[in-house]
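> coordinates only, sequence not included:
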């Protein structure tokens, strides 16, 4: 518009002012939410402008055609006045989007599904966006070369999400800082099983297809959501008062028997060391040996590609406290997950009469680079790039050494107080490295942790002193 506007009669000016007032009387106009939460390694992961409370997914999968169709109803609260917002969705065809039951405009750009509701959303408003979609879900290759997302298997498929793979099978805000509860209903050909997180609340068969309904009441980050479809053998038992639901791919029952028989024992041991279990059921999904290239701490029941040994079972169950309940605020904080889960393996070995944690620490310090070439390549709290956030040397082993240094400094009594206090203080929440170091210092105010943080957590290269 030209800045040299023509003169308007006084009465017209009054009418114009009243009209403008009427148009803006609803408050401040909204702006688009961010297409990412600026994670240091995955800047497009997650979305700004809203916080998800609940996902309700209704899915149908045909393994022969590798075709998925579904409707995702996402309930969220606007954290700003919103004129538009994004969802993360990789591939798949979007057929319809509604907001509060009204059709909404939308467009796609890469992994971003941008939604423009008919009426702007006010800050604090709770709303539901519903997306109908279908297609062949993608397998995503991570920066480190591993595969995630939707992985076809011999009799079905498995959805694995760390760090961003869940956007291959449902739209959402796919960043660990945005946790939510879930209801997932999955329809598959009769004879197959569909296994997910939480508790199985329904199973019905009609016209040659079976629908399995799963509910996860506790907050869950989308990267530890899973869906496994296949010819699974289901075992139900208990661990103390907890229901145990285990799904075993063909040929895995015998090989898995020894380790899984110890699951109740591992759970009791973990609760004794780490505090009350944060979820309402437990178990495992044991897929085929070639279903994935790694195990993953999917919430409630970890996924294993083939039979786990006891050490791996301990590691993935420890993640239910460290990673699933206390979830990293950003992907820079992965060492908090993997360092504690790896140290859980050290503690288990120690309590089982094997090497003490000190002996494991000493062996790593003296000869660790012979086994883990990257052990001293970067500090746990400062991964070099997105490709390095799961590097075993710095993020698993050296991070466990950081945990052991804390134990050395404060002694066992205070150490276990710190561990159990940490899992309680951030139960079902998010935390970062700064939160952790501040918590440790608060719990042991007479100790000096500066050298540990400077040399072991943030320092480059091998620390001079063990």
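Nice, thanks for sending it over. Bear in mind the structure is a predicted one, so any value in this text is a computation, not a measurement.
> where exactly do the strands run in the stretch 1-150 of the chain?
Assigned strands in the stretch 1-150 of the chain, in chain order: 31-32, 50-62, 67-78, 82-88, 93-99, 102-103, 105-109, 112-116, 126-135, 139-141, 147-152 (criterion: DSSP state E, counting those that start in this stretch).
> Going by neighbour count, list what's buried in the third one.
So that's strand 67-78. Across strand 67-78, burial judged by 16 or more other CB atoms under 10 Å covers 68, 69, 70, 71, 72, 74, 75, 76, 78. Where C-beta positions appear, they are placed from N, C-alpha and C, glycine not excepted.
> Could you check how far the first one is from residue 74?
With distances taken as CB to CB, to the nearest Å, residue 68 is found 17 Å from residue 74.
> helices or strands up against the longest helix along the chain?
Using DSSP state H to assign secondary structure, the helix with the most residues in the chain is helix 334-351. In this structure, helix 334-351 packs against helix 263-274, helix 310-318, strand 327-328, helix 357-371, helix 399-410, helix 433-443, with contacts taken as 3 or more CB pairs under 8 Å, 6 or more residues apart in numbering; DSSP states H and E.
> one more time with 7 Å
Contacts of helix 334-351 with other secondary structure elements, assessed using 3 or more CB pairs under 7 Å, 6 or more residues apart in numbering; DSSP states H and E, are made with helix 310-318, strand 327-328, helix 357-371, helix 399-410.
> Let me know the angle separating the first one from helix 263-274.
The reference is to helix 310-318. 60 degrees (axes from the mean of the first three to the mean of the last three CA atoms, to 10 degrees).
> What helices and strands are in contact with helix 310-318?
If contacts are counted by 3+ CB pairs under 7 Å, 6+ apart, helix 310-318 sits against helix 263-274, helix 334-351.
> what about the strands in the stretch 151-300 of the chain?
Taking DSSP E, counting those that start in this stretch as the criterion, the stretch 151-300 of the chain carries its strands at 157-160, 180-189, 193-196, 199-206, 209-220, 227-230, 233-239, 242-248, 282-287.
> what number of residues lie near residue 436?
For residue 436, the neighbour count with other CB atoms under 10 Å is 23.
> Could you dump the strands of the stretch 151-300 of the chain into a markdown table and include mean pLDDT, distance to residue 120 and mean neighbour count?
Below are the strands of the stretch 151-300 of the chain laid out as a markdown table (pLDDT from 0 to 100; distance: least, CB to CB, whole Å; neighbours: other CB atoms under 10 Å):
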| stretch | mean pLDDT | distance to residue 120 | mean neighbour count |
| --- | --- | --- | --- |
| strand 157-160 | 98 | 34 | 26 |
| strand 180-189 | 98 | 23 | 20 |
| strand 193-196 | 98 | 35 | 26 |
| strand 199-206 | 98 | 36 | 12 |
| strand 209-220 | 98 | 28 | 19 |
| strand 227-230 | 98 | 34 | 26 |
| strand 233-239 | 98 | 47 | 14 |
| strand 242-248 | 98 | 43 | 20 |
| strand 282-287 | 98 | 42 | 26 |
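> Residue 384: which of those strands is closest?
Comparison of those against residue 384 by CB to CB identifies strand 157-160 as nearest, at 23.9 Å.
> Can you tell me which of the helices and strands packed on helix 334-351 is most buried?
The densest packing among the helices and strands packed on helix 334-351, expressed as mean neighbour count by mean count of other CB atoms under 10 Å, is seen in strand 327-328 with a mean of 24.
> how distant is it from the center of its chain?
Averaging C-alpha coordinates over strand 327-328 and over its chain gives two centres that are 8 Å apart (CA atoms, centre = their mean, to the nearest Å).
> Show me what that strand is packed up against.
With contacts defined as 3+ CB pairs under 7 Å, 6+ apart, the secondary structure elements packing on strand 327-328 are helix 334-351.
> who touches the helix it packs on?
Outside of helix 334-351, the residues within contact range by CB atoms under 7 Å, 6 or more residues apart in numbering are 269, 273, 311, 314-315, 318-319, 322-323, 328, 355-357, 360, 380-381, 389-390, 395-397, 399-400, 402-404, 433, 436.
> Okay, buried residues for that helix please.
Counting neighbours by 16+ other CB under 10 Å, helix 334-351 gives 334-349 as buried.
> ok, now stretch 428-439?
Applying a neighbour-count criterion of 16+ other CB under 10 Å, the buried positions in stretch 428-439 are 430, 431, 432, 433, 435, 436, 437, 439.
> returning to what we had before: adding distance to residue 127 and mean pLDDT, write the helices and strands packed on helix 310-318 out as CSV.
Formatted as CSV, the helices and strands packed on helix 310-318 follow (distance: least, CB to CB, whole Å; pLDDT from 0 to 100):
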stretch, distance to residue 127, mean pLDDT
helix 263-274, 37, 98
helix 334-351, 32, 98
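> now those in JSON lines, with distance to residue 232?
Putting those into JSON lines (distance: least, CB to CB, whole Å) gives the following:
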{"stretch": "helix 263-274", "distance to residue 232": "17"}
{"stretch": "helix 334-351", "distance to residue 232": "25"}
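> Which among the ones you listed is found nearest to residue 228?
Ranking the helices and strands packed on helix 310-318 by their distance to residue 228 (criterion: CB to CB) puts helix 263-274 first, at 17.7 Å.
> And the pLDDT at the nearest residue to residue 461 once chain neighbours are set aside?
If the residues on either side of it in the chain are set aside, residue 461 comes closest to residue 376, at 5.5 Å by CB to CB, 6 or more residues apart in numbering. Looking at residue 376, its pLDDT reads 98.
> what about residue 376, is that helix, strand or coil?
For residue 376, the assignment made with DSSP: H, G, I helix; E, B strand; the rest coil gives coil.
> May I have the phi/psi pair for it?
phi -110, psi 20 (degrees, to the nearest 10).
> re earlier: mind putting the buried residues of strand 67-78 into TSV with pLDDT and distance to residue 51?
Supplementary listing: the buried residues of strand 67-78 in TSV, determined by pLDDT from 0 to 100; distance: CB to CB, whole Å:
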residue	pLDDT	distance to residue 51
68	98	27
69	98	28
70	97	23
71	98	21
72	99	16
74	99	11
75	99	10
76	98	6
78	98	8
